[in-house]
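Student: Predicted model and sequence follow; I will ask about them next.
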Amino acid sequence: VDVDAQWGGKYEFLLSCIGYCVGLGNVWRFPYLCYRNGGGVFLIPYFIMLFVTGVPLFLMELSLGQYGAAGPITVWKCCPLLKGIGIGMLCVSTLVCLYYNVIIAWTFYYLGSSFQSPLPWSCDAVANAALCGNSTGGNSVLYNVCMFVLFYSERVLGVVHSEGLHDPGPVRWPLALCLLAAWIIIFLCMLKGIRSSGKVVYVTATFPYFVLIVLIIRGATLEGSLQGVAFYLTPDWSRLSNVWNDAASQIFYSLGIGVGGLLSMASYNKFDNNVIRDTIIITTGNCTTSFFAGFAIFSILGHMAWRKGVPVGKVADTGPGLAFVAYPEALALLPGSMFWSILFFLMLFMLGIDTLFGNMEGITTAVLDEFPHLRRNTLQKSLFLAALCFCFYLFGLLLVTDGGIYWFTLIDSFSTSFGLIIITLFMCIGISFFYGINQFCQDILDMICHCPPWCGKVLLYFKACWVFFTPFLLLFILTYIFIEMYNTSLHYGSYVYPRWGKAIGVCIGATCCLQILIWAIVAICKETGTLRDVSITIMYFCHCGRTALVTPDSHECSSNRLSLPVHQLQMTPCRKGYDFLLVLFFFFFCFSAFPESNTTSEFLESEQLEQLRESTGACGA
């Protein structure tokens with residue numbers, strides 16, 4: 001990472017991370033999961049998963065990026081055997097960027113349509129007069145289906161003209177233009193990297209909070225809002241044993257762990273930034289936003305249910321169904337519906353591009369670190385970003401066809417499924433057992449210049465999570481995902497995906513996580529000698545190869561650094577042969593325990609490999 005390319009201030013980094021984490025899922029997924037899984041009862045497993053998996057992994061990724069001052073791929077020079085983790089993160093980021101901007105294109109379409117008076121999905125629109133005129137006798141079913149579902153399914157998506165995956169149909173050019181506009185905005189905002197996007201987030205990361213507060217206040221004044229909020233929070237203790245997977249998936253979905261965005265943004269921090277403080281602020285802000293977004297959503301849905309005379313559960317939905325069907329319908333019932341619709345979709349648009357900033361930063365940082373000449377040349381860097389956005393646009397055209405929603409659902413379901421969990425699991429195990437958990441904790445303390453005494457004590461808790469609790473919970477989640485994948489079929493509405501479609505989805509997820517194995521084999525094949533000698537050399541690199549960012553600030557802080565209050569083991573030569581067997585066990589069974597060692601504080605360049613081998617041979621003698 002270019003040392004000169006750092007955040008303009010700590011607030012730019014905090015707002016960028018909050019904007020990256022606080023995305024569309026906080027508004028359209030968390031409130032629905034909360035009411036579906038027993039209201040307030042859902043918060044119990046949610047916060048347990050947050051503190052046992054979410055916060056520790058969040059801190060690990062931020063610390064790895066800040067200490068290494070490198071992107072998702074280059075940072076693994078500290079352990080070349082695990083370079084595939086960074087490649088896997090890059091694959092996941094690519095898939096997420098591919099489909100996530102399509103959601104922003106939908107939002108753009110609705111935002112533009114909201115400037116029409118009356119709203120084109122309301123009964124006041126001339127085109128809908130005939131349909132609304134047939135809704136007699138107070139029957140709201142026809143009103144529901146014809147006005148809002150059909151507007152979304154036919155006029156926006158065009159899915160009614162497609163039969164499935166095999167029939168994508170023509171491109172819907174209004175959506176294609178919205179997608180193009182979205183990518184142009186992303187390109188302009190990221191043209192100068194964090195120096196430009198860091199300024200944009202002052203608006204895009206704060207405006208959604210303003211809108212949420214306004215919607216909560218407006219919802220509180222509506223009749224039936226209390227019933228909606230009660231429906232959102234009323235506990236159902238019988239659901240407590242069945243909600244753990246939803247809680248875990250929501251943590252991963254909202255915090256953006258394992259995608260590389262957090263790691264890349266942290267790589268532009270100053271070396272002595274308090275990463276523990278930032279982790280607490282960002283994760284707390286993210287979860288608080290998710291909780292309070294439920295009040296904005298369900299207060300207005302409660303009013304709509306009261307107007308229709310139906311239970312709140314009949315109008316509640318999740319995902320795009322909430323954002324583009326249920327909530328627009330509720331807003332259409334309010335006085336000044338055009339204003340509220342513009343406000344809501346502008347909020348969704350800003351939530352979307354903030355998240356995409358982080359994902360795109362993960363991709364660009366990874367590539368620019370591997371090809372430094374692109375970073376040094378401003379024109380080449382701009383052309384690379386333009387080419388990247390244009391390629392994403394071309395591939396995204398498949399998702400804005402008549403049958404694009406089927407491909408969108410397929411990529412969405414598998415890109416951040418088991419592959420992401422496996423990548424995160426290997427990251428946790430790789431840092432804890434290959435690099436060394438004690439050394440990693442000491443690295444964190446080295447970065448925090450004026451660290452209060454409680455930092456060392458807090459790190460003991462995180463160490464316990466990284467070594468034991470988090471890996472086992474990730475294995476549990478992974479097992480549950482595989483069982484659910486085997487026993488359930490993928491569907492969109494009434495369309496059930498064929499086996500070949502589901503197989504494509506599995507291949508998408510497997511492509512991401514298989515990078516770990518592929519690049520581990522590449523690292524082994526690059527070395528010479530017997531398999532035992534190669535394993536010793538590579539594993540020695542895992543303990544000695546550190547990408548510490550040496551800055552004047554870090555030297556100034558040396559006198560104030562704390563030492564980790566734990567004993568560090570010394571790796572002896574006789575243990576290395578035994579550890580080789582553990583490495584093989586790790587690759588075949590996804591778990592191993594590698595003893596730690598005191599490591600050097602300087603990064604060993606590739607030309608020092610011969611010296612390393614000589615020192616290894618002398619040690620063995």
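Tutor: Perfect, I can see it now.
Student: wait, what's in contact with the residue nearest the centre of the chain?
Tutor: By CA atoms, centre = their mean, the chain has its centre lying nearest to G256, at 2.2 Å. Taking CB atoms under 8 Å, 6 or more residues apart in numbering, we find G256 in contact with 20-21, 23, 262, 355, 358-359. C-beta coordinates here come from the backbone N, C-alpha and C atoms, glycine included.
Student: any idea how far it is from S299?
Tutor: 28 Å (CB to CB, to the nearest Å).
Student: Same question for K463, what's its three-state structure.
Tutor: Secondary structure assignment for K463 (DSSP: H, G, I helix; E, B strand; the rest coil): helix.
Student: who wins for neighbours among the contacts of G256?
Tutor: Within the contacts of G256, most neighbours by other CB atoms under 10 Å means L262, with 31 neighbours.
Student: And the residue nearest to the centre of the chain, what's its pLDDT?
Tutor: Looking at G256, its pLDDT is 91.
Student: Does G313 touch G228 like I think?
Tutor: No: here G313 does not reach G228: they are 10.4 Å apart, not a contact under CB atoms under 8 Å.
Student: Pick out whichever of those two has more residues nearby.
Tutor: Neighbours per residue, other CB under 10 Å: of G313 and G228, the larger number sits with G228, 28 against 12.
Student: element containing the more buried one, please.
Tutor: Element membership of G228 [criterion: DSSP states H and E] is helix 225-233.
Student: Okay, strands next: where are they in the protein?
Tutor: For the chain, the strands defined by DSSP state E cover 491-492, 495-496.
Student: Now do the same contact list for Q6.
Tutor: Q6 makes contact with 194, 268-270, according to CB under 8 Å, 6+ apart.
Student: ok, those vs A387, which is closest?
Tutor: Nearest to A387 among these is I194, at 19.8 Å by CB to CB.
Student: Surely that closest one is in contact with L15?
Tutor: No: I194 is beyond contact range of L15, at 11.4 Å (criterion: CB under 8 Å).
Student: Count the residues that sit near the residue lying closest to I73 once chain neighbours are set aside.
Tutor: Closest residue to I73 apart from its sequence neighbours, by CB to CB, 6 or more residues apart in numbering: G86 at 3.7 Å. By other CB under 10 Å, the residues close to G86 number 28.
Student: wait, G86 sits on G71?
Tutor: Yes: if you go by CB under 8 Å, G86 and G71 touch, sitting 7.4 Å apart.
Student: Are there residues contacting both of these two? Which ones?
Tutor: Contacts common to G86 and G71, judged by CB under 8 Å, 6+ apart, are 260, 366.
Student: so where's the stretch 501-621 of the chain uncertain?
Tutor: Scanning the stretch 501-621 of the chain for pLDDT under 70 picks out 528-621.
Student: can we see that at 50?
Tutor: By pLDDT under 50, the low-scoring segments of the stretch 501-621 of the chain are 543-621.
Student: contacting residues around I73?
Tutor: By CB under 8 Å, 6+ apart, the residues touching I73 are 83, 86-87, 90, 366, 369-370.
Student: Can you tell me which of these are buried?
Tutor: The neighbour-count test (16 or more other CB atoms under 10 Å) applied to the contacts of I73 identifies 83, 86-87, 90, 366, 369 as buried.
Student: Generate JSON lines for the residues you listed, with pLDDT and distance to Q66 as supplementary columns.
Tutor: Listed next are the buried ones among the contacts of I73 as JSON lines, based on pLDDT from 0 to 100; distance: CB to CB, whole Å:
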{"residue": "K83", "pLDDT": "91", "distance to Q66": "19"}
{"residue": "G86", "pLDDT": "94", "distance to Q66": "16"}
{"residue": "I87", "pLDDT": "95", "distance to Q66": "21"}
{"residue": "L90", "pLDDT": "95", "distance to Q66": "19"}
{"residue": "A366", "pLDDT": "93", "distance to Q66": "16"}
{"residue": "D369", "pLDDT": "91", "distance to Q66": "15"}
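Student: and those residues, which of them are in helices?
Tutor: Among these, DSSP state H puts 83, 86-87, 90, 366, 369 in helices.
Student: what's the closest of the residues you listed to S290?
Tutor: Nearest to S290 among these, counting by CB to CB, is L90 at 27.3 Å.
Student: Tell me who's in contact with the closest residue to the closest one other than its chain neighbours.
Tutor: Spatially, and ignoring its direct neighbours in sequence, L90 is nearest to A366 (5.1 Å; CB to CB, 6+ apart). Going by CB under 8 Å, 6+ apart, A366 touches 71-74, 86, 89-90, 260, 264.
Student: of these, closest to T470?
Tutor: For those, the nearest to T470 is M89 (17.4 Å; CB to CB).
Student: Wait, the closest one touches G258, no?
Tutor: Yes: M89 is within contact range of G258, at 6.5 Å (criterion: CB under 8 Å).
Student: anything in contact with each of these two?
Tutor: I423.
Student: what ranges of the stretch 251-400 of the chain fall below the confidence cut-off?
Tutor: Within the stretch 251-400 of the chain, no stretch has pLDDT under 50.
Student: where do the helices sit along it?
Tutor: Remark: helices assigned in the stretch 251-400 of the chain by DSSP state H, counting those that start in this stretch are 261-266, 275-308, 320-321, 327-332, 337-370, 372-376, 378-396.
Student: and the first one, what does it pack onto?
Tutor: Helix 261-266 makes packing contacts with helix 10-21, helix 55-68, helix 337-370 when contacts are defined by 3 or more CB pairs under 8 Å, 6 or more residues apart in numbering; DSSP states H and E.
Student: Dump the ones you listed to CSV, plus distance to I521.
Tutor: Formatted as CSV, the helices and strands packed on helix 261-266 follow (distance: least, CB to CB, whole Å):
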stretch, distance to I521
helix 10-21, 33
helix 55-68, 23
helix 337-370, 19
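Student: Identify the residue nearest M350 in space, chain neighbours excluded?
Tutor: T204 (4.3 Å).
Student: Pretty sure the one you found sits against D354.
Tutor: Yes: the pair T204 / D354 is scored as a contact, 5.0 Å apart, by CB under 8 Å.
Student: hey, what's in contact with both of these two?
Tutor: G19.
Student: number of nearby residues for K270?
Tutor: A count of neighbours around K270, defined by other CB under 10 Å, yields 18.
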